[in-house]
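Enquirer: no sequence on this one, just coordinates:
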């Protein structure tokens, strides 16, 4: 079933917009839930690129942790945030910013969508973060109550808390 | 609050793995829900890169629609799939593959995670699709019941249906 490997493939991505927010510390791991941010979409997308988004309660924002540094070693499992009370997990079992390709994906509440300015609540990205995509959060793509191991509750206790 | 514009920024992304599946038609828009696929993670990530994922019911897969062609014009709203019964919406109000950066994000059920092979259900990507990231679906990042306009139900009727 496999179709070639293309192990040397690489692709270029270009920001479609940038984050404006008062948050400026990439090491900030708490209280993102009430943060309101604006995503300013690039001028080339025109004034109607967000048309229809106000009909959705949420959007998925794909962004790039451009102030994170990739790691030299992704093959060795590590404890999230180095916390001794959390288990060693593989790089694809953690959502931390120091990851291959440095992509972040967060579902945010839509506050308003006007022209090229999308105002959202709950985006865990600092000022100036490049945004690579915005997608409407469709119910068909949503999982209501995913199962997760107990350590996640400890990791995430204050992350989105107001 | 804004921090520079960097409008000429671009970033390179490198596949972390590839999709294996029997589906090979990028124009296929229906019945993805029951499709089982494998994501074969690249060898450089080692045999423990998925460690811990079996504790999660779902993962988010970020992939690249590499067989889609970008559009010349993203500024003009269009009807999803060109369907006359759907409204004209902006490019960021649709999830179609012909989009800036061609990124897809889909939450899939974890079937198994063994070594570098992640078996999932419900991944709407054809064989050979480059995978850019895999993240555990954490409840704190999930929205249980997003609000969406009625046209989405018409668009998505058969998309994930078995």
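Expert: Everything's here; your move. Predicted model only: the values in this text are computed from it and were never measured.
Enquirer: Give the buried residues for stretch A:150-162.
Expert: A:151, A:152, A:155, A:156, A:159, A:160 (16 or more other C-beta atoms under 10 Å in any protein chain shown). Quick note: C-beta positions are derived from backbone N, CA and C, even for glycine.
Enquirer: Please state the mean pLDDT value computed over that stretch.
Expert: For stretch A:150-162, mean pLDDT rounds to 87.
Enquirer: just how off-centre is that stretch within its chain?
Expert: 16 Å (C-alpha atoms, centre = their mean, to the nearest Å).
Enquirer: quick one: terminal-to-terminal distance for it?
Expert: One end of stretch A:150-162 sits 21 Å from the other (C-alpha to C-alpha, to the nearest Å).
Enquirer: So it, near chain B or not?
Expert: Yes - interface with chain B: stretch A:150-162 contributes A:152, A:156, A:159, A:160 (C-beta under 8 Å from any C-beta of the partner chain).
Enquirer: you'd agree the first one is in a helix?
Expert: Going back to what we said before, that points to residue A:152. Yes - under DSSP: H, G, I helix; E, B strand; the rest coil, residue A:152 sits within a helix.
Enquirer: can you give me the strands in chain A?
Expert: A:11-13, A:17-20, A:36-41, A:58-64, A:103-114, A:117-121, A:130-136 (DSSP state E).
Enquirer: Quick one: list the elements packing against the third one.
Expert: Put plainly, it is strand A:36-41. strand A:17-20, strand A:117-121, strand A:130-136 (3 or more C-beta pairs under 8 Å, 6 or more residues apart in numbering or on different chains; DSSP states H and E).
Enquirer: Pairing partners for it, with directions?
Expert: strand A:17-20 (antiparallel), strand A:117-121 (antiparallel) (DSSP bridges).
Enquirer: Compile the ones you listed into a markdown table and extend it with columns for mean pLDDT and distance to residue B:143.
Expert: A markdown table is the format used below for those (pLDDT from 0 to 100; distance: least, C-beta to C-beta, whole Å):
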| stretch | mean pLDDT | distance to residue B:143 |
| --- | --- | --- |
| strand A:17-20 | 97 | 20 |
| strand A:117-121 | 97 | 12 |
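Enquirer: Can you lay out those as a markdown table showing mean neighbour count?
Expert: Listed next are the strands paired with strand A:36-41 as a markdown table, based on neighbours: other C-beta atoms under 10 Å in any protein chain shown:
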| stretch | mean neighbour count |
| --- | --- |
| strand A:17-20 | 23 |
| strand A:117-121 | 20 |
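Enquirer: how about the ones you listed, which one is nearest residue B:72?
Expert: strand A:17-20 (19.6 Å; C-beta to C-beta).
Enquirer: just checking, residue A:138 touches residue B:95?
Expert: Yes - Residue A:138 lies in contact with residue B:95 (C-beta atoms under 8 Å); the separation is 6.7 Å.
Enquirer: Show me which of these two is the more surrounded one.
Expert: In this view residue A:138 and residue B:95 are compared by other C-beta atoms under 10 Å in any protein chain shown, and residue B:95 has more residues nearby, 23 against 19.
Enquirer: Can you flag which of the residues of stretch A:150-162 next to chain B belong to helices?
Expert: A:152, A:156 (DSSP state H).
Enquirer: for the residues of stretch A:150-162 next to chain B, which one is nearest residue B:67?
Expert: residue A:152 (34.6 Å).
Enquirer: Compute the distance between the closest residue to that closest one other than its chain neighbours and residue A:150, please.
Expert: Closest residue to residue A:152 apart from its sequence neighbours, by C-beta to C-beta, 6 or more residues apart in numbering or on different chains: residue B:138 at 5.4 Å. As judged by C-beta to C-beta, to the nearest Å, residue B:138 and residue A:150 stand 12 Å apart.
Enquirer: now residue A:54
Expert: Distance from residue A:54 to residue A:150, by C-beta to C-beta: 38 Å.
Enquirer: got the end-to-end distance for stretch A:9-18?
Expert: Taking C-alpha to C-alpha, stretch A:9-18 runs 26 Å from one end to the other.
Enquirer: swap in stretch A:139-149?
Expert: End-to-end distance for stretch A:139-149, by C-alpha to C-alpha: 24 Å.
Enquirer: who's in contact with it?
Expert: The set of residues external to stretch A:139-149 that reach it, using C-beta atoms under 8 Å, 6 or more residues apart in numbering or on different chains, is A:87, B:52, B:55-58, B:95, B:106-107, B:136-139, B:142-146, B:148, B:152, B:156, B:159-160.
Enquirer: Sweet, I'm off.
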